[in-house]
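Participant: Sequence plus predicted model, see below.
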Amino acid sequence: TDLYCVFGNPIAHSKSPFIHAAFARETGESVIYEARLAPVDGFAEAVRAFVAAGGRGANVTVPFKEEAFRMCAALTPRAKRAGAVNTLSFVDGQCCGDNTDGAGLVADIVDNLGFSPAGRRILLLGAGGAARGVVEPLLATRPATLVIANRSSDKAQLLVDIFADLGPVRASTFADLAGNTFDLVINATSASLSGAALPLPSDLFAPASLAYDMMYGKGETPFLAQARMQGAGRCADGLGMLVGQAAEAFFVWRGVRPATAPVLAELRAALG
Ligand code: ATR
């Protein structure tokens, strides 16, 4: 049996152990997956102890993804671009870093929601770590355009500079979005944590538009409520992305791609 875990702080309510236990049952892989609380100033030490205890790999969540990026001896290209690591593999005591968040998002949008981003107009709201983690896989779907809108427009431009060679990506302020409609609008801001509504122009959504919130929770998120009132025909929260990034991490570690729909349905039922 191989040992894996997720590091975070806080971590008590992480759904990852449940998800990976379901993947292990489904695929027959012999895997144990635990949640581990790392002290805010003790992440590297916690990882070293886990490796010493035989850990084969780990997921990394808030607030350690950037620190995990910095401590890796090797990085996948997508982790390098993301500037953050959510999946660690331990090979001969060395830390190899990957980032499966963007792949998980795209898998949810394409496979679970049946939305094909190729040739479509995509808007990404936010330019922090969560946004940066998904830009490369979004551009890989070959959208007509990917606009990154952020409150501080210099941070959106910074992301554009990092990813411009990968596809048609440009920066915007919220105000400058006026007059534009998008097929897919993804919320990667943390605005709903503070209960703040985003200053979105009223003509952003068409009846066929998909609004996607990388956040999730019990009931409708503030962003999805706003999108629905502004006319978005379809809404989805980030629970499918959570399961998607886990499935991609499982694939990185085990070389087997688990089905995500059954465990997503179970989580959805439990969330209420
Ligand atoms: P995360 O890791 O969740 O991305 P972050 O790196 O702190 O966290 O980024 C938070 C993102 O949410 C940023 O894009 C931030 O906008 P700024 O760059 O202008 O700070 C955005 N954000 C947070 N609260 C917001 C609000 N009330 N209105 C608009 N954007 C907000």
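Facilitator: Structure's in. What do you need?

Participant: Quick check, pLDDT for L271.
Facilitator: Looking at L271, its pLDDT stands at 85.

Participant: Once you drop chain neighbours, what's closest to it?
Facilitator: K218 (5.8 Å; C-beta to C-beta, 6 or more residues apart in numbering). Bear in mind the C-beta positions are built from the backbone N, C-alpha and C, glycine included.

Participant: Pretty sure the one you found sits in a strand.
Facilitator: No - counting by DSSP: H, G, I helix; E, B strand; the rest coil, K218 is not part of a strand but coil.

Participant: Wait, it touches R268, no?
Facilitator: No - contact between K218 and R268 fails when scored by C-beta atoms under 8 Å: they sit 10.9 Å apart.

Participant: Pick out whichever of these two has more residues nearby.
Facilitator: R268 (14 against 7; other C-beta atoms under 10 Å).

Participant: what ranges of the chain fall below the confidence cut-off?
Facilitator: Within the chain, no stretch has pLDDT under 70.

Participant: Would you map out the domains in it?
Facilitator: The record assigns the chain these domain ranges, following automatic domain parsing: 2-99+240-271, 102-237.

Participant: Pipe those domains into a markdown table and attach distance to the ligand per row.
Facilitator: Shown next, in a markdown table, are these (distance: least, C-beta to the nearest ligand atom, whole Å):
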| stretch | distance to the ligand |
| --- | --- |
| domain 2-99+240-271 | 7 |
| domain 102-237 | 2 |
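
Participant: May I have the phi/psi pair for F90?
Facilitator: phi -110, psi 110 (degrees, to the nearest 10).

Participant: Hmm, it is touching A52, no?
Facilitator: No - the criterion here is C-beta under 8 Å, and F90 misses it with A52 at 10.1 Å.

Participant: Those two: which has the busier surroundings?
Facilitator: F90 (17 against 9).

Participant: residues in contact with the more buried one?
Facilitator: By C-beta atoms under 8 Å, 6 or more residues apart in numbering, the contact set of F90 is 51, 55-58, 96.

Participant: That one bridge partners, please.
Facilitator: With DSSP bridges applied, the residues forming beta bridges to F90 are C95.

Participant: Which parts of the chain are strands?
Facilitator: Under the criterion DSSP state E, the chain carries strands at the ranges 2-8, 31-37, 55-60, 74-75, 87-91, 94-98, 121-125, 145-149, 169-172, 182-187, 205-213, 234-236.

Participant: May I see those arranged in JSON lines, with distance to V106 as well?
Facilitator: Output for the strands of the chain, formatted as JSON lines (distance: least, C-beta to C-beta, whole Å):
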{"stretch": "strand 2-8", "distance to V106": "21"}
{"stretch": "strand 31-37", "distance to V106": "23"}
{"stretch": "strand 55-60", "distance to V106": "18"}
{"stretch": "strand 74-75", "distance to V106": "20"}
{"stretch": "strand 87-91", "distance to V106": "16"}
{"stretch": "strand 94-98", "distance to V106": "15"}
{"stretch": "strand 121-125", "distance to V106": "11"}
{"stretch": "strand 145-149", "distance to V106": "12"}
{"stretch": "strand 169-172", "distance to V106": "15"}
{"stretch": "strand 182-187", "distance to V106": "11"}
{"stretch": "strand 205-213", "distance to V106": "11"}
{"stretch": "strand 234-236", "distance to V106": "13"}
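
Participant: out of everything not next to it in sequence, what's closest to the residue sitting nearest the centre point of the chain?
Facilitator: The centre of the chain sits closest to D101, judged by C-alpha atoms, centre = their mean, with a distance of 3.4 Å. Of all residues not flanking D101 in the chain, G133 sits nearest, at 4.2 Å (C-beta to C-beta, 6+ apart).
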